[in-house]
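Here is my input; please provide its structure:
(chains A and B)
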There are 2 protein chains.
Amino acid sequence: MTPELTLYDLAGADPALRFSPHCWKTHMALAHKGLTARTVPWRFTEKDAIAFSGQKLVPVLVHEQHVVSDSWQIACYLEDTFAERPSLFGGDTGRALSLFINGWSDTTLVPVLARLLLPEIHGLIRDEDKDYFRTTREKRFGRLEDLPAGYADQIAALRAALLPLRQMLARQPFLAGAQPAYADYAVFGMFMWARCTSTLELLAEDDPVHAWRERLLDAHGGLARNAPMAA
Amino acid sequence: MTPELTLYDLAGADPALRFSPHCWKTHMALAHKGLTARTVPWRFTEKDAIAFSGQKLVPVLVHEQHVVSDSWQIACYLEDTFAERPSLFGGDTGRALSLFINGWSDTTLVPVLARLLLPEIHGLIRDEDKDYFRTTREKRFGRLEDLPAGYADQIAALRAALLPLRQMLARQPFLAGAQPAYADYAVFGMFMWARCTSTLELLAEDDPVHAWRERLLDAHGGLARNAPMAA
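Next comes the predicted model:
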């Protein structure tokens, strides 16, 4: 029996454009489990549409009577509910360590990438969402129009921040070892955020992180590579 | 049968003072496995004493006819050789993810801590090792006498770098989950480097990382808490 799953997924003005890094973690986790969700495009100001989840952010996953928000909680829900399918964590210790790597990705990569991507994203969302987007993002990262002047510095900072990933990829093809798992998706989601919204090249071609990203673009039937990108 | 193990372990002028972060990873890994090694105090310039290992750094572990250097390789050796004892990694995925966390610790924490600890360490080693120590360290971190002026900045940088660990500790007591494992030791080794050589307080008392460090000081019968520190 195929499970019926619904995923509320951040979209641009073009409903096909799905660019949230956290929603991408969930897309990859679903694919890893061999699951497909019906997705509902959701925009930043549509708080009412997900009020049933008791909070205001996507991803939100609905499965039967279960409503799960927060990409980490969704990953844990998928792992526990579909335990007979390929594991996202490889056991309890793997789950605990994946939480650290998820947090490393969020705390280290999000702020750098936000400074590289927010101006472009502002151009990709619906007009009615732009005030909300600008206000919330500028509070944290400064005026959108000022960010492009810092792109070269941010790209350098991103590449420096990726050092532990780069070093590790000299020894194994994925964070999780021979095959990708949730720890990979927790980092790769950040690169999908960039890929779907921006033409900036973030990685040098000879960077092992670049090759790792290519492998994940191809994973699960090319799910990520085939995702719509901004024109 | 108790395995016979010998560990070449970095020591200060006082042979009881053992302060290498990487050797501390190994001390904790041995204790986790319920193993005890005879330790041989080793100083920076005693390259000849470990030439049999084919390289110039400690830790070096000797077990029967096996010689293993590099703290990560030693952890893997202990895990595979003493597989029936408590696991350091919790499976293949956990091992792969632990390698990332070990790399995160080395690349993120070592440079910051080096700038905080090297001047004190210079005072703790044998006179005949001081030239070597100064030359190799100053190449990377600048003049030892200039470093103390930057301590406040480095402590702030250290606390910022620990953000992903701090966030995660809100959800679980150890990196590896309910109980510590190698990922914890890979980070904790850094704090033992500091504890054994310096009186600088690196963490705020209400920092969850502080409480985590306390738990690891008490782990395995207080092995770390009871280790000799510089006077």
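
how deep is the residue lying closest to residue A:178 once chain neighbours are set aside tucked in, by neighbour count?
Counting by CB to CB, 6 or more residues apart in numbering or on different chains, residue A:178 lies nearest to residue A:172, which is 6.9 Å off, once chain neighbours are set aside. Using the backbone N, CA and C atoms, a C-beta is placed for each residue, glycine as well. When neighbours are counted by other CB atoms under 10 Å in any protein chain shown, residue A:172 registers 16.

Surely residue A:172 touches residue B:100?
No: if you go by CB atoms under 8 Å, residue A:172 and residue B:100 don't touch, sitting 9.2 Å apart.

which parts of chain A sit against chain B?
For chain A, the contact set with chain B under CB under 8 Å from any CB of the partner chain comprises A:87, A:89-101, A:103-104, A:106-108, A:163-165, A:167-168, A:171-172, A:174-178, A:181, A:183.

Strands of chain A, start to end?
Applying DSSP state E to chain A gives strands spanning A:5-10, A:38-42, A:60-63, A:66-69.

got a markdown table for those strands, with mean neighbour count and mean pLDDT too?
Output for the strands of chain A, formatted as a markdown table (neighbours: other CB atoms under 10 Å in any protein chain shown; pLDDT from 0 to 100):
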| stretch | mean neighbour count | mean pLDDT |
| --- | --- | --- |
| strand A:5-10 | 21 | 98 |
| strand A:38-42 | 17 | 98 |
| strand A:60-63 | 22 | 98 |
| strand A:66-69 | 16 | 98 |
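
Residue ranges of each domain in chain A, please.
What the TED database lists as the domains of chain A is A:5-82, A:92-218.

From chain B, how far out is the spatially most central residue of chain A?
When CA atoms, centre = their mean is applied to chain A, the residue found nearest the centroid is residue A:21 (2.2 Å). From residue A:21 across to chain B, the span is 16 Å (CB to the nearest CB, to the nearest Å).

can you list the weak-confidence ranges in chain A?
Scanning chain A for pLDDT under 70 picks out nothing.

where along it do the helices fall?
Using DSSP state H, the helices of chain A run over A:21-32, A:71-81, A:92-104, A:110-122, A:127-141, A:151-161, A:163-169, A:182-197, A:208-222.

Show residues contacting the first one.
So the one you mean is helix A:21-32. A:5, A:7, A:9-10, A:18, A:36-37, A:57-59, A:61, A:71, A:74-75, A:78, A:86, A:88, A:102, A:110, A:113, A:180-182, A:184-186, A:188-190, A:192-193, A:216, A:219-221, A:223-224 (CB atoms under 8 Å, 6 or more residues apart in numbering or on different chains).

That one to helix A:182-197, inter-axis angle?
120 degrees (axes from the mean of the first three to the mean of the last three CA atoms, to 10 degrees).

and helix A:21-32, how far out from the chain's middle?
7 Å (CA atoms, centre = their mean, to the nearest Å).

Using CSV, write out every CA atom in that helix.
Once non-C-alpha atoms are left out, helix A:21-32 reads as follows in CSV (Å, rounded to 0.1, in the frame of the first residue of the first chain):
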residue,chain,number,x,y,z
PRO,A,21,16.6,24.4,1.9
HIS,A,22,14.6,22.7,4.7
CYS,A,23,11.9,21.5,2.3
TRP,A,24,14.7,20.1,0.2
LYS,A,25,16.0,18.1,3.1
THR,A,26,12.5,16.6,3.3
HIS,A,27,12.3,16.0,-0.5
MET,A,28,15.5,14.0,-0.3
ALA,A,29,14.5,12.1,2.8
LEU,A,30,11.2,11.1,1.2
ALA,A,31,13.0,9.9,-1.9
HIS,A,32,15.5,8.0,0.2
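
picking that back up, okay, the domains of chain A in TSV with distance to residue B:152 next?
Below are those laid out as TSV (distance: least, CB to CB, whole Å):
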stretch	distance to residue B:152
domain A:5-82	34
domain A:92-218	22
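
And those domains: which comes nearest residue B:46?
Ranking the domains of chain A by proximity to residue B:46 (CB to CB) places domain A:92-218 first, at 27.8 Å.

next one: the closest one to chain centre, how far?
8 Å.

Could you work out the end-to-end span of it for me?
Separation of the first and last residues of domain A:92-218 by CA to CA, to the nearest Å is 28 Å.

Can you tell me how far residue A:71 is from residue B:213?
To residue B:213, residue A:71 is 29 Å away according to CB to CB, to the nearest Å.

Please say which of these two ends up with more neighbours.
A side-by-side neighbour count of residue A:71 and residue B:213, using other CB under 10 Å, places residue A:71 first with 27 against 22.

Residue A:52 contacts residue A:67, correct?
Yes: here residue A:52 reaches residue A:67: they are 6.3 Å apart, a contact under CB under 8 Å.
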